[in-house]
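[1] just the structure for this:
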Amino acid sequence: MDLNYFIDRLSRNRDVFEGLLNGVNGEQAKWKPSPDKWSMLEVINHLYDEEKEDFRARLQSVLADPKQPLAPIDPQNWVTRRGYNERDIEASLRNFFGERENSLAWLRQLSSPNWQNRHERPDGSLSAGDLIASWLAHDFLHIRQLARLHWQYVTLMADPYQTAYGGPWKES
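    Modelled structure (predicted):
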């Protein structure tokens, strides 16, 4: 596994998130296409908590001692329990970007990590390699989600005009 590839992509994705969220006002940041969907503000705060409490922490743990239990996480419930949609978008972006920089600094200091280190869980094992690959994949899932939220918001704001000429949003 090429660690530099993952470091480079995680670093560049910070810029993608900034491009997708910089300048988004509070109303748009809190807007949800439906009550059961996340807002942009909820997405960025989810990324912040996942950065520090899930991916980096769990990768550190599995690399250091895969037999140690992983700290419990509850990302779905954190959204409401931690009041993600009540936060400020600019502060939320700063928090996430700060944690991403901490993650990148930590990843850059790794020397020959054992990607095969494997933590056994009741629902299956999780290797260090699985964790870093999933970390980057997680970024791309939320980049797609944020792009979709922008598209949905544009469609809402354009009313009574249509966005169909620009093309349909299709999930692959």
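
[2] please enumerate the helices of the chain.
    3-21, 26-30, 40-49, 56-64, 75-81, 89-108, 128-158 (DSSP state H).

[3] remind me which residues of this protein are low pLDDT?
    Residues of the chain that meet the criterion pLDDT under 70 lie in 172.

[4] now do residue 132: how many residues are near it, please.
    For residue 132, the neighbour count with other CB atoms under 10 Å is 25. Any C-beta I mention is one placed from the backbone N, CA and C, and that applies to glycine too.

[5] oops, could you answer that again for residue 99 instead?
    Number of residues near residue 99 (other CB under 10 Å) recorded here: 18.

[6] distance check, the closest residue to it other than its chain neighbours against residue 87.
    Nearest residue to residue 99 in three dimensions, chain neighbours excluded: residue 51, at 4.1 Å (CB to CB, 6 or more residues apart in numbering). Residue 51 is 15 Å from residue 87, where distance means CB to CB, to the nearest Å.

[7] these two: who's more crowded?
    Neighbour count, other CB under 10 Å: between residue 51 and residue 87, residue 51 has more, with 24 against 19.

[8] wait, what's in contact with the residue nearest the centre of the chain?
    Nearest to the mean C-alpha position of the chain, counting by CA atoms, centre = their mean, stands residue 47 at 3.5 Å. Applying CB atoms under 8 Å, 6 or more residues apart in numbering to residue 47 gives the contacts 17, 96, 139, 142.
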